[in-house]
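Undergrad: Sequence and predicted structure below; questions after.
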Amino acid sequence: MPTQLTVEDLEIDLMKRRVTRAGDCIELKAKEFALLEFLARHKNEVVTRTMLLEKVWQYHFDPQTNVIDVHISRLRSKIDRGYANPLLHTIRGVGYRLGNA
Amino acid sequence: MKAPFLTLAKPRGRFTLIYIILFGLSLVFGYMNTQLVDWNDSLARLGQEIDSEMMALEMIVRTEGIEATAQHCRDLLERNVLGAKDFESNRFYRIESNEGETLFANFPAWDVENIDSRFDDFVKLDDLPRDRGGEFPTWEYFRWRINPDFDLLVRNLELPDGSLLALGRDLNFIEDIRIANAALIGLIVALFAAGGIMGLGMIRSAYQRVDTILSTCHSIINTGNLSKRIESEGGTYDPERLAPALNDMLDRIERSFMAMQLSAANIAHDLKTPLARIRTKVESLQQGQKDELNERAKEILVEIERMQKIFNALIQIALLESGKPLNKKDSVALDDVVSGLVDFYISVFEEKGLILTCDLSPVSIEGDRQLLEQMLSNLLENALKYVPEKGKVHVETYLDRGVVVARVTDSGQGIPDAQKLRVFEKFYRGQSSRSSEGNGLGLSIVKAIADAHGGEVSLSDGDPGLKVTIGFER
């Protein structure tokens, strides 16, 4: 079981629950951390909204609103804003992908 | 063509025939029996009467002599010592001495030898029931019809010294009883006939009711027109009571059927739009560029997904409404569910400029956590969809007199009273929600889940806005 996940210059310390990008410390809320952790565990894979809903929030209903998108965009604003190279991508009509590989 | 009411081809015709035959037979037999029994009984009774009087007279003859006996009989008739009402017309004596002298008589003498035995004007009644001791001489019984008003049952006793005692009773008395009996029988026959006719009338009317009911049923079966009803006169006897019950059943079936048709129509309608879009997109695919292909395929997937959501929701509602017990039954803390959902939705509320607040007392119910999450998320998403910008949405959980309550209050436009009940119908969309996204199943699911948990959903006005209250009796 790794204690650290790395997606390019993004590093997630699972033990200390700390996230850094290019050495900069990023403050995340608990659910934002869980969301990022799940994406990082599936780095470079396309993750659907349903997967996020079930694995991160343990919800099994089908939101009619863009609530997941809002969570993603909030996370994106924290980990991608100000960096030249965006890591969190929206795959239209399918879901999201963390990583550029 | 109207079939005759009574034919032997139908059970009721055969039944009626058998009834008439049996009734007729029993009537004839009963009449004959009554007549015979009555006539013989009366004769026997009179015979016994004569018997005992004869014994008494014989005793008088032996002790006091024949003349004293004649005097006794005369006294008896003149003084009416017995006080009988029909005394004079019913008692007859003829007493002759051994020299042939008539000592007393109130009916004429006869000559047995000269009476033609072929006529029953003078008949020897050998078959009369009698009960005699050995000490009495031979009794002779005669019916002597002197004239129509003078019809006697007579017994002769020749005493050892040659004198004669004859005692009679008027048989017209029996005839009167027979006439009365005949009248009674006639009355009974008339009553039975009247009863039979009335019964037949009732049976006929009952069968006619059954025929009406049958013809309505056949008409519904043949035409499939559920709006037909059985004509009912509102009576209380059985076939009549059947009609309203059947009509009520038809009402119920028709309502369900119409609801089903409506649902089907709504489903068809809601699927029309995504299908039309898919069609357009597939058509444009045929002439499109390659890089456009991916894009269209994705759009098509979105539409398909939308249809799948509708189907999933319908299936879920159907399952919940089927009344099957819940798969899971745990203690679920509603305040915890709400706080998780608020955490989940707060950012999207903020994005839309809405304020989401909550006030949660710890309350829990038995149930399926996933379903309860879905139920409450639907309420929050409704608020998210319909409450205008800068609005407020407040969620509470609390215990109110033993009822666990979850309530979502918003500052939106609310729902007019006329629509408050209809919003729970599948695919119902109020005026204000027609333009927005959604499949019209959200509140149907809320209600279905609440029902499955024994809860009750109510809508009230939230001053302004809408207040959705779900109460669970514990």
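TA: Alright, I've got the coordinates.
Undergrad: pretty sure B:I213 is touching B:L246, no?
TA: Yes. Counting by CB atoms under 8 Å, B:I213 touches B:L246, with 6.5 Å between them. For glycine as for every other residue, the C-beta is placed from the backbone atoms N, C-alpha and C.
Undergrad: Which residues are in contact with each of these two?
TA: With contacts taken as CB atoms under 8 Å, 6 or more residues apart in numbering or on different chains, the residues that reach both B:I213 and B:L246 are B:I230.
Undergrad: Which positions in the stretch 151-300 of chain B make contact with chain A?
TA: By CB under 8 Å from any CB of the partner chain, the residues of the stretch 151-300 of chain B that approach chain A are B:298-299.
Undergrad: for the residue nearest to the spatial centre of chain A, what are its contacts?
TA: Nearest to the geometric centre of chain A sits A:L36, at 2.9 Å (CA atoms, centre = their mean). Going by CB under 8 Å, 6+ apart, A:L36 touches A:12, A:19, A:28, A:75, A:79, A:98.
Undergrad: OK, contacts around B:I300?
TA: Counting by CB under 8 Å, 6+ apart, B:I300 makes contact with B:278, B:281-282.
Undergrad: rewinding a little: in helices only, show me the contacts of A:L36.
TA: Secondary structure from DSSP state H places A:75, A:79 of the contacts of A:L36 in helices.
Undergrad: with the contacts of A:L36 in mind, which one is nearest to chain B?
TA: Ranked by distance to chain B (CB to the nearest CB), these are led by A:L75 at 10.2 Å.
Undergrad: Okay, helices next: where are they in the chain?
TA: This is for chain A. Using DSSP H, helices in chain A cover A:30-41, A:49-55, A:67-79.
Undergrad: meant chain B actually
TA: For chain B, applying DSSP H gives helices covering B:11-64, B:66-79, B:87-90, B:172-223, B:238-287, B:290-321, B:334-351, B:369-386, B:417-420, B:442-452.
Undergrad: mean pLDDT lowest for which of the ones you listed?
TA: Mean pLDDT per stretch puts helix B:87-90 lowest among these, at a mean of 56.
Undergrad: Residue 42: how many residues sit nearby?
TA: In the absence of a named chain, this looks at chain A. By other CB atoms under 10 Å in any protein chain shown, the residues close to A:H42 number 17.
Undergrad: let's do chain B instead
TA: By other CB under 10 Å, the residues close to B:S42 number 18.
Undergrad: I'd assumed B:I174 was in contact with it.
TA: Yes. With contact defined as CB under 8 Å, B:S42 reaches B:I174; the gap is 4.1 Å.
Undergrad: picking up where we left off before, measure the residue nearest to the centre of chain A to chain B for me?
TA: According to CB to the nearest CB, to the nearest Å, A:L36 and chain B sit 15 Å apart.
Undergrad: What parts of chain A come near chain B?
TA: Taking CB under 8 Å from any CB as the contact definition, chain A meets chain B at A:31, A:57, A:59-67, A:70-71, A:74, A:92-94.
Undergrad: try 6 Å this time
TA: Counting by CB under 6 Å from any CB of the partner chain, the residues of chain A close to chain B are A:57, A:59-62, A:64-65, A:67, A:70, A:74, A:92-93.
Undergrad: Can you get me a residue count around the residue in the stretch 101-250 of chain B positioned nearest to chain A?
TA: Residue of the stretch 101-250 of chain B nearest chain A, by CB to the nearest CB: B:L226 (36.0 Å). Using other CB under 10 Å, B:L226 has 15 other residues around it.
Undergrad: per-residue confidence for it?
TA: Predicted confidence (pLDDT) for B:L226: 79.
Undergrad: Once you drop chain neighbours, what's closest to it?
TA: Nearest residue to B:L226, sequence neighbours excluded (CB to CB, 6 or more residues apart in numbering or on different chains): B:E254, at 4.4 Å.
Undergrad: Check A:R49 too.
TA: Nearest residue to A:R49, sequence neighbours excluded (CB to CB, 6+ apart): A:I68, at 4.5 Å.
Undergrad: Who are the contact partners of B:L57?
TA: The contact partners of B:L57, taken as CB atoms under 6 Å, 6 or more residues apart in numbering or on different chains, are B:69, B:165.
Undergrad: Just the buried residues out of the contacts of A:L36, in ChimeraX syntax.
TA: Applying 16 or more other CB atoms under 10 Å in any protein chain shown to the contacts of A:L36, the buried members can be selected in ChimeraX as follows:
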select /A:12,19,28,75,79,98
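Undergrad: Would you mind giving the contacts of A:L36 as a markdown table with pLDDT added?
TA: Below are the contacts of A:L36 laid out as a markdown table (pLDDT from 0 to 100):
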| residue | pLDDT |
| --- | --- |
| A:I12 | 94 |
| A:V19 | 94 |
| A:L28 | 93 |
| A:L75 | 95 |
| A:I79 | 93 |
| A:L98 | 94 |
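Undergrad: Return the member of the contacts of A:L36 nearest to B:A333.
TA: A:L28 (26.3 Å; CB to CB).
Undergrad: so who does the closest one touch?
TA: Going by CB under 6 Å, 6+ apart, A:L28 touches A:V19.
Undergrad: I'd like to know how far the residue nearest to B:D335 when sequence neighbours are not counted sits from B:G455.
TA: Using CB to CB, 6+ apart and skipping the chain neighbours, the partner closest in space to B:D335 is B:L360 (3.9 Å). To B:G455, B:L360 is 17 Å away according to CB to CB, to the nearest Å.
Undergrad: ok, these two, which is more surrounded?
TA: Neighbours were counted for B:L360 and for B:G455 using other CB under 10 Å; B:G455 has more, 23 against 18.
Undergrad: which one is that one nearest to, not counting chain neighbours?
TA: Counting by CB to CB, 6+ apart, the nearest residue to B:G455 once its immediate chain neighbours are dropped is B:F472, at 4.3 Å.
Undergrad: and that neighbour, what are its bridge partners?
TA: B:V404, B:G455 (DSSP bridges).
Undergrad: Report pLDDT for the residue sitting furthest away from the middle of chain A.
TA: Most distant residue from the mean C-alpha position of chain A: A:Q64, 21.3 Å away (CA atoms, centre = their mean). A:Q64 is assigned 82 on the pLDDT scale.
Undergrad: do you know how far the closest residue to it other than its chain neighbours is from B:G414?
TA: Of all residues not flanking A:Q64 in the chain, B:E381 sits nearest, at 5.3 Å (CB to CB, 6+ apart). Distance from B:E381 to B:G414, counting by CB to CB: 17 Å.
Undergrad: B:N98 now?
TA: When CB to CB is the yardstick, B:N98 and B:G414 sit 130 Å from each other.
Undergrad: Looking at these two, which one has more neighbours?
TA: B:G414 (20 against 13).
Undergrad: Next, give phi and psi for the more buried one.
TA: With angles defined as degrees, to the nearest 10, B:G414 sits at phi 80, psi -170.
Undergrad: Which pLDDT value belongs to the residue lying closest to it once chain neighbours are set aside?
TA: Once flanking residues are discounted, B:G414 sits nearest to B:L466: 4.6 Å by CB to CB, 6+ apart. B:L466 is assigned 91 on the pLDDT scale.
Undergrad: same deal with B:G353?
TA: pLDDT, read off for B:G353, is 94.
Undergrad: Is it in contact with B:K390, as I believe?
TA: Yes. B:G353 is within contact range of B:K390, at 5.4 Å (criterion: CB atoms under 6 Å).
Undergrad: For stretch A:20-30, C-alpha coordinates in CSV please.
TA: Taking C-alpha atoms only, stretch A:20-30 is exported to CSV below (Å, rounded to 0.1, in the frame of the first residue of the first chain):
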residue,chain,number,x,y,z
THR,A,20,1.8,19.6,-2.9
ARG,A,21,2.2,20.7,-6.5
ALA,A,22,5.7,21.6,-7.7
GLY,A,23,6.6,21.9,-4.1
ASP,A,24,3.7,24.3,-3.3
CYS,A,25,1.4,23.3,-0.4
ILE,A,26,-2.3,23.0,-1.4
GLU,A,27,-5.0,23.2,1.2
LEU,A,28,-7.9,20.8,0.5
LYS,A,29,-11.1,20.0,2.4
ALA,A,30,-11.7,16.4,3.4
